[in-house]
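J.: Using only what follows, build the 3D model:
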Amino acid sequence: EAIREQHMKYRKPRFAMYELERMSIRMLQKTCRKLHIQIPSTVVEKQELIQLIQESQKVDIITTPKPVEYQKSLLQHMSIKELKHCMNDMAGVFFDPIDVIEKNDMIDI
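T.: Down below sits the predicted model:
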């Protein structure tokens, strides 16, 4: 555990783009301070802060698909075939059929 902590100490933080986009301006500013990124007084917009973090080279931006969100009521009205399609093809959610007995089990995943 100590070796892992030592290794992680020097690793760049990793963010998916959608994570930065979901952060509040205050949280982005806090992230900049933590990473010792100077925020020019001209930077006031959220997108400018995100760009500043990206261009700093102090974080790794990882490529991930944007999360897919559905209302539970919509999922409950889908057929099992439609649910499987949404889960596998749209959201990248896979499951072991042994763990899924009923439609609600799929929805709860």
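J.: what about stretch 56-71, start to end distance?
T.: 37 Å (CA to CA, to the nearest Å).
J.: scratch that, stretch 12-30 is what I was asking about
T.: Start-to-end, stretch 12-30 (CA to CA) is 16 Å.
J.: and what of stretch 5-20?
T.: Stretch 5-20: ends 24 Å apart by CA to CA.
J.: contacting residues around that stretch?
T.: By CB atoms under 8 Å, 6 or more residues apart in numbering, the residues outside stretch 5-20 that reach it are 28, 35, 50, 53-54, 58-64, 66-67. Every C-beta, even on glycine, is put in place using the N, C-alpha and C of the backbone.
J.: residues touching the closest residue to Val100 other than its chain neighbours, list them.
T.: Excluding the flanking residues, the one nearest Val100 by CB to CB, 6 or more residues apart in numbering is Met106, at 5.5 Å. Taking CB under 8 Å, 6+ apart, we find Met106 in contact with 80, 83-84, 87, 95, 100.
J.: for this protein, what are the low-confidence residue spans?
T.: 90-91 (pLDDT under 70).
J.: check which helix or strand covers the residue positioned nearest the centre of it.
T.: Centroid-nearest residue in the chain, with CA atoms, centre = their mean: Glu19, separated by 4.6 Å. Of the helices and strands defined by DSSP states H and E, Glu19 is found in helix 17-22.
J.: could you point out which element follows that helix?
T.: Next along the chain after helix 17-22, taking DSSP H and E as the criterion, comes helix 25-34.
J.: Identify the residues contacting the next helix or strand after that following helix?
T.: Later in the chain than helix 25-34, the nearest helix or strand by DSSP H and E is helix 46-55. Counting contacts by CB under 8 Å, 6+ apart, the residues outside helix 46-55 that touch it are 15, 20-21, 25, 28-29, 31-32, 35, 37, 39, 43, 59, 61.
J.: repeat that with 7 Å
T.: 20-21, 25, 28-29, 31-32, 37, 39, 43, 59, 61 (CB atoms under 7 Å, 6 or more residues apart in numbering).
J.: Out of the residues you listed, grab the one that's most surrounded.
T.: In terms of neighbours by other CB atoms under 10 Å, these top out with Leu28 at 22 neighbours.
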